[in-house]
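Asker: here are the coordinates; sequence isn't available:
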Ligand SMILES: O=P(O)(O)OP(=O)(O)OP(=O)(O)OC[C@H]1O[C@@H](n2cnc3c(O)ncnc32)[C@H](O)[C@@H]1O
Ligand SMILES: [Mg+2]
């Protein structure tokens with residue numbers, strides 16, 4: 001298939017870069033789009049897929065390199081899938097702590113049985129900015145929203161996401177453990193297969 005040694009990661013999120021680079025190992029060098037531009041494209045799509053493609057094309061255009069984008073988020077059952085594609089902007093751009101505080105507040109009277117949620121990750125890889133056939137891989141991770149934050153690893157909503165198969169929050173998992181079972185790990189495993197990396 002494709003022989004990719006260097007990819008630009010179309011993300012300004014340091015947590016994603018760390019996780020994706022750890023999953024790819026030495027086979028592929030991920031360069032951050034931050035090396036080329038500090039301007040973040042507006043995520044105007046209505047789906048994770050559209051936003052991932054939009055970010056990947058933008059990064060390929062700016063860098064001249066093949067580009068990988070990750071569009072991800074948290075879909076809460078009780079909220080009909082919100083914040084979903086708006087997860088990063090849930091508290092109007094005030095950042096992770098504000099997003100988490102808002103989610104806890106909105107769910108404060110909701111019992112455990114109705115606190116189901118899934119992390120979603122879509123990876124999009126384009127060979128160049130106008131690639132007519134982006135490679136798309138998705139991963140889901142099912143869990144539940146805790147009543148309070150717990151754990152210091154990871155990023156974003158990790159302290160609020162209870163992982164049933166490990167009986168702890170995803171911020172209590174070691175980075176290596178999270179990278180084995182997360183939504184991002186599942187999407188990356190599919191991408192590695194598509195690229196012939198395993
Ligand atoms: O768009 P880029 O530049 O990649 O960075 P971003 O942080 O804005 O990324 P998204 O637009 O994809 O929004 C993803 C949101 O979902 C959250 N999120 C995604 N994956 C996560 C994970 O593994 N653990 C915790 N939160 C996660 C993340 O914190 C953001 O609030
Ligand atoms: Mg974003």
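Answerer: Cool, got the structure. This one's a predicted model, so the numbers in the text were calculated from it and none came from an experiment. Ligands and ions are numbered 1, 2, ... in the order given.

Asker: dihedrals phi and psi, the closest residue to residue 6 other than its chain neighbours?
Answerer: Setting aside the residues directly before and after it, residue 6 is nearest to residue 29 in space (CB to CB, 6 or more residues apart in numbering), at 5.0 Å. For the C-beta atoms, the positions are set from N, CA and C on the backbone; glycine is no exception. Per-residue torsions, residue 29: phi -90, psi 120 (degrees, to the nearest 10).

Asker: what about residue 29, how many neighbours?
Answerer: Taking other CB atoms under 10 Å as the criterion, the count of residues near residue 29 is 12.

Asker: please report how far it lies from ligand 1.
Answerer: In this view, residue 29 and ligand 1 are 18 Å apart by CB to the nearest ligand atom, to the nearest Å.

Asker: just confirm that residue contacts residue 7, I think it does.
Answerer: Yes. Residue 29 is in contact with residue 7 according to CB atoms under 8 Å; the separation is 7.4 Å.

Asker: longest helix in the chain, please.
Answerer: helix 48-63 (DSSP state H).

Asker: show me what that helix is packed against.
Answerer: In terms of contact count using 3 or more CB pairs under 8 Å, 6 or more residues apart in numbering; DSSP states H and E, helix 48-63 is assigned the packing partners strand 6-9, strand 67-76, strand 116-126, strand 135-145.

Asker: hey, least reliable of the ones you listed by pLDDT?
Answerer: Here the lowest mean pLDDT among the helices and strands packed on helix 48-63 goes to strand 6-9, at a mean of 95.
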